[in-house]
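K.L.:
Have a look; sequence and predicted model below, questions after that.
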Amino acid sequence: MRPLDRIRDEDGIPVSPARVLRAYMERSFPMADHRDGKIFWVRPSERALITWDTYRIPRSLQRAIRKSNLRYSTDMAFGAVVEACAARHETWISRDIEALFCQLHTLGLAHSVEAWNAEGRLVGGMYGLVVRGIFAGESMFHLKTGAGKMCIVALIEHLQALGFSALDCQQQTPHMEMFGAHLIRDDVFSMMVASSTSPGDWDDAPFPTRLGI
């Protein structure tokens, strides 16, 4: 993993964890073209967001949850979750982004959700970043069908308990749309970020280790 003091974006500007957090506060986020690619910054004109008034769990996922014996945790395997999310033929999670988010996790600002099977194997997960009272979801993976989506359900249950106002999905996808993600303008999102209240510590509410649907 590249040392943090050597990380530069595509313009040659140093990128620190503090700069990443500042970018999110300004509605931008880092991406790359491949694992060894340079960081560039994205600020979409519309943002995909799950708010609690639009949030829903698809019926097919509800049935899968009722049949599942998965156990859930948070921050038990952050590095493994990010690595698994990046382990694709095409990925935007470069090694630099991985290193930055691992440091943000050490600082208590980035968090992961893990799904474990009965044998104790990590079979799904997702990770993201706290941005005031909004949680910015970054990526998810699954080795067992539906495990990544079940982590979203566990995450939202935790966010609601802590007093977060929304889950930022960044860009709309069919997976997020099925949870009720909707597009809002960048200026509206800007006001939401600015007016959101920072929640308490991540551990102020117990994380749901099981899901009851």
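P.N.:
Now that the structure is in, tell me what you want to look at.
K.L.:
So which helix or strand of this protein has the lowest pLDDT on average?
P.N.:
Each helix and strand of the chain was given a mean pLDDT (mean pLDDT, DSSP states H and E); the minimum falls on helix 174-177 at a mean of 90.
K.L.:
which helices and strands sit right next to it?
P.N.:
Applying 3 or more CB pairs under 8 Å, 6 or more residues apart in numbering; DSSP states H and E, one finds that helix 174-177 contacts strand 46-51. The C-beta positions use only the backbone N, C-alpha and C, and glycine is treated the same way.
K.L.:
List the contacts of the least confident helix or strand of the chain.
P.N.:
48, 50, 149, 169 (CB atoms under 8 Å, 6 or more residues apart in numbering).
K.L.:
give me that answer again for 6 Å
P.N.:
48, 169 (CB atoms under 6 Å, 6 or more residues apart in numbering).
K.L.:
Any idea how far that helix is from the middle of the chain?
P.N.:
Counting by CA atoms, centre = their mean, to the nearest Å, helix 174-177 is centred 14 Å from the centre of its parent chain.
K.L.:
where in the chain is pLDDT low?
P.N.:
Low-confidence segments of the chain, defined by pLDDT under 70: 1-2.
K.L.:
mind checking which helix or strand His89 is in?
P.N.:
According to DSSP states H and E, His89 maps onto no helix or strand at all.
K.L.:
Could you report the distance from it to Asp168?
P.N.:
Computed as CB to CB, to the nearest Å, the His89 to Asp168 distance reads 26 Å.
K.L.:
Which other helices and strands does whichever helix in the chain runs longest contact?
P.N.:
For the chain, the helix with the greatest residue count under DSSP state H is helix 147-162. For helix 147-162, the elements it packs on are strand 110-116, strand 122-131, strand 134-142, judged by 3 or more CB pairs under 6 Å, 6 or more residues apart in numbering; DSSP states H and E.
K.L.:
Can you tell me which helices and strands the second one packs against?
P.N.:
In this case it means strand 122-131. Applying 3+ CB pairs under 6 Å, 6+ apart, we find strand 122-131 packed against helix 78-86, strand 110-116, strand 134-142, helix 147-162.
K.L.:
Compute the inter-axis angle for the second one and strand 122-131.
P.N.:
Using axes from the mean of the first three to the mean of the last three CA atoms, to 10 degrees, one finds that strand 110-116 and strand 122-131 are set 160 degrees apart in direction.
K.L.:
what are the pairing partners of strand 110-116, and which direction each?
P.N.:
According to DSSP bridges, strand 110-116 forms sheet pairs with strand 71-74 (antiparallel), strand 122-131 (antiparallel).
K.L.:
Could you dump the ones you listed into TSV and include distance to Ala194 and mean neighbour count?
P.N.:
Shown next, in TSV, are those (distance: least, CB to CB, whole Å; neighbours: other CB atoms under 10 Å):
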stretch	distance to Ala194	mean neighbour count
strand 71-74	27	20
strand 122-131	11	24
